[in-house]
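Undergrad: One predicted model, sequence on top.
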Amino acid sequence: MLNITYWSDYACPFCYIGEARLKKALKELGLDKHVRLVMKAFELDPGAGLHAETDTLTRFAQKYGLSEKEAASRIEEISRMGRAEGLDFKYATTLFTNTMDAHRMTKLAQSKEDPTIADRVIDALFRLYFTENRELADKALLQKIGEECGLIPEEVCETLATDKYKRKVLADEREAALYNVHAVPFFIVGRYGIPGALSVEDLKKVIEKTLEESIPQHDAKGMTCGPDSCSLG
């Protein structure tokens with residue numbers, strides 16, 4: 001069983017795209033049933049509020065020093081990338097909030113013996129943000145999603161009402177720092193690191209080389225988001 005660990009945040013467009021490409025690469029290689037994917041937490045903005053303070057166009061333009069027209073063009077470019085991977089990607093109307101509770105609920109899901117529960121939670125949270133454009137800091141919404149994905153209602157309620165699993169989220173972020181990971185997505189395939197949302201073909205090459213253990217690393221670099229900016233690679 002091949003283990004693939006990756007750092008990700010639910011508010012990161014390239015994380016959603018990168019995860020979709022990874023799953024596509026594994027499926028095309030016939031490995032989707034033989035790989036264990038483990039998501040680790042990485043908050044793009046730990047200080048983000050519980051409600052969206054501005055719309056995505058304004059936030060994007062201010063963050064990168066762009067005009068509204070330029071920002072709209074960049075946002076649409078990223079959305080097209082998502083749609084090309086079969087995702088119902090609506091980046092322009094996302095509502096950016098704190099993602100700590102979303103990551104904590106993910107940790108609850110990952111604590112279960114059934115990995116499909118964590119997969120359902122992760123997929124649902126990405127869809128909530130990029131397709132349904134909901135606020136991921138909404139505890140009532142997280143409670144509903146957790147229950148729908150198969151988590152025990154009382155456990156979800158306890159997690160959201162306390163700081164449970166916060167230490168695990170922060171531990172993931174400290175581990176990322178040890179790996180010198182400052183932008184996401186960042187994948188570790190076997191012993192090798194893959195920064196960014198590589199193309200499906202590049203991912204397949206890295207995975208194949210990893211399985212063959214023929215190279216020490218891969219120098220390709222994909223698209224990432226960090227606390228201060230996003231890079232198209």
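TA: Yep, that arrived. Numbering: from 1, shown residues only.
Undergrad: So for Asn133, what's the pLDDT?
TA: pLDDT recorded at Asn133 is 97.
Undergrad: ok, the nearest residue to Met1 once chain neighbours are set aside - contacts?
TA: Nearest non-adjacent residue to Met1, counting by CB to CB, 6 or more residues apart in numbering: Arg36, 5.6 Å away. All C-beta spots, glycine's among them, are computed from the backbone N, C-alpha and C. Counting by CB atoms under 8 Å, 6 or more residues apart in numbering, Arg36 touches Met1, Leu2, Asn3, Ile4, Pro115.
Undergrad: quick one: which two of those residues are the most distant?
TA: The most widely separated members of those, counting by CB to CB, are Leu2 and Pro115 (13.9 Å).
Undergrad: Not counting stretch 39-56 itself, show me its contacts.
TA: With CB under 8 Å, 6+ apart as the test, stretch 39-56 has contacts from 5-9, 11-12, 59, 62, 75, 91-100, 103, 106-107, 110, 118, 122, 135, 137, 168-169, 172-173, 175-176, 181, 184, 186, 225-227.
Undergrad: circling back: and the residue nearest to Met1, which of the three is it?
TA: Look at Arg36: counting by DSSP: H, G, I helix; E, B strand; the rest coil, its state is strand.
Undergrad: Could you tell me the per-residue confidence at it?
TA: Here the pLDDT value assigned to Arg36 is 92.
Undergrad: quick one, what contacts Val38?
TA: Per CB under 8 Å, 6+ apart, neighbours of Val38: Asn3, Ile4, Thr5, Tyr6, Gln110.
Undergrad: Which neighbouring elements make contact with the strand or helix carrying the second one?
TA: What that stands for is Ile4. Using DSSP states H and E, Ile4 maps to strand 2-8. Packing partners of strand 2-8 (3 or more CB pairs under 8 Å, 6 or more residues apart in numbering; DSSP states H and E): helix 13-28, strand 35-41, strand 186-189, helix 200-212.
Undergrad: Sketch out the helices for this structure, chain order is fine.
TA: Assigned by DSSP state H, the helices in the chain fall at 13-28, 56-64, 68-84, 100-110, 115-130, 139-148, 153-161, 166-178, 200-212.
Undergrad: possible to save those as JSON lines with mean neighbour count, mean pLDDT and distance to Gly190?
TA: Below are the helices of the chain laid out as JSON lines (neighbours: other CB atoms under 10 Å; pLDDT from 0 to 100; distance: least, CB to CB, whole Å):
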{"stretch": "helix 13-28", "mean neighbour count": "22", "mean pLDDT": "97", "distance to Gly190": "13"}
{"stretch": "helix 56-64", "mean neighbour count": "16", "mean pLDDT": "94", "distance to Gly190": "35"}
{"stretch": "helix 68-84", "mean neighbour count": "15", "mean pLDDT": "97", "distance to Gly190": "26"}
{"stretch": "helix 100-110", "mean neighbour count": "23", "mean pLDDT": "98", "distance to Gly190": "20"}
{"stretch": "helix 115-130", "mean neighbour count": "20", "mean pLDDT": "97", "distance to Gly190": "19"}
{"stretch": "helix 139-148", "mean neighbour count": "17", "mean pLDDT": "98", "distance to Gly190": "31"}
{"stretch": "helix 153-161", "mean neighbour count": "15", "mean pLDDT": "98", "distance to Gly190": "32"}
{"stretch": "helix 166-178", "mean neighbour count": "15", "mean pLDDT": "97", "distance to Gly190": "17"}
{"stretch": "helix 200-212", "mean neighbour count": "17", "mean pLDDT": "92", "distance to Gly190": "4"}
